[in-house]
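**Q** heads up, no residue letters with this:
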């Protein structure tokens, strides 16, 4: 009887800028390295949104304790949400445009180096967040960042250049709407709940966030004059946004958000429109094992 696989590799064929041929070579490299360290890998290509979650759930039921996701933040999110509160650990090979979780965790952005770390790493416990039933591992947010996420998802080409162009276009027409945050009315440019310190691409929205402290950073960016835009952008990428007078943050375990209309938000950059005008954001301490 043939031995059963003890390592699942989930590959998103649409993530990143690698060609199909480059991804095939990367998979060949992973399979070879996995066998050299004693694993029997199974490689599956995702075919539709949510497929990675289904594959990971099935792998857990089959007793697989190590799953490697090759893709961007969306693929990592889909895979990781099935692994919460289980003994199965997540390895990340980041080939997306933002790679927020990988960057926060110090996972190499060179795919072959990330593969070696995932194969040889040990499980480390981190937190995750949740907006209603929608998991996130880096950030979830409302306001400007949610609007940009929704518009970015409509673009035919992904990547940092497209995201920057989309954000620039939306900036000139965006009008903040009031929200009740834990019962207090606030009109903010953006409201972010950060488990990790950054959105991705080294955009540090929560410079002091700790991904394993059992807390989310509730980050509020006030509306600001146009002349402050350049400095705020520089601070965002220089990890000093917390020094701005337009920014404040506080640690929270839960928060309740209410708007006047069905809420528009994102979770790890993926656009979400809730049916309700109210939602709860919460932290799930120690809920995920990551291979580091």
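**A** Cool, the structure landed. Computed from a predicted structure; not experimentally measured.

**Q** For the stretch 101-250 of the chain, which segments count as helices?
**A** 111-120, 144-152, 160-171, 229-237 (DSSP state H, counting those that start in this stretch).

**Q** so what's the closest residue in space to residue 244 that isn't next to it in sequence scoring on pLDDT?
**A** Sequence neighbours aside, residue 235 is the residue nearest to residue 244 in space, at 5.7 Å (criterion: CB to CB, 6 or more residues apart in numbering). (C-beta placed from N, C-alpha, C; glycine too.) On pLDDT, residue 235 comes in at 97.

**Q** So residue 235 sits against residue 241, correct?
**A** Yes - the pair residue 235 / residue 241 is scored as a contact, 4.5 Å apart, by CB atoms under 8 Å.

**Q** Could you check which of these two is surrounded by more residues?
**A** For residue 235 and residue 241, the more surrounded residue by other CB atoms under 10 Å is residue 241, and the numbers stand at 22 against 19.

**Q** And the helix or strand bottoming out on mean pLDDT in the chain, what does it pack against?
**A** Least confident helix or strand of the chain, by mean pLDDT, DSSP states H and E, is helix 160-171 with a mean of 89. Counting contacts by 3 or more CB pairs under 8 Å, 6 or more residues apart in numbering; DSSP states H and E, helix 160-171 packs against helix 144-152.

**Q** quick one, the helix it packs on and helix 160-171 angle?
**A** Following axes from the mean of the first three to the mean of the last three CA atoms, to 10 degrees, one obtains 120 degrees for the angle between helix 144-152 and helix 160-171.

**Q** Show me what helix 144-152 is packed up against.
**A** Using 3+ CB pairs under 8 Å, 6+ apart: helix 144-152 touches helix 160-171, strand 188-194, strand 264-267, strand 270-273.

**Q** In this structure, where's the longest strand?
**A** In the chain, with assignment by DSSP state E, the single longest strand is strand 278-291.

**Q** what about that one, average pLDDT?
**A** Mean predicted lDDT for strand 278-291 stands at 98.

**Q** show me the residues around residue 271 that make contact.
**A** 146, 149, 150, 152, 153, 264, 265 (CB atoms under 8 Å, 6 or more residues apart in numbering).

**Q** Check for me that residue 256 belongs to a helix.
**A** No - according to DSSP: H, G, I helix; E, B strand; the rest coil, the state of residue 256 is strand, so it is not within a helix.
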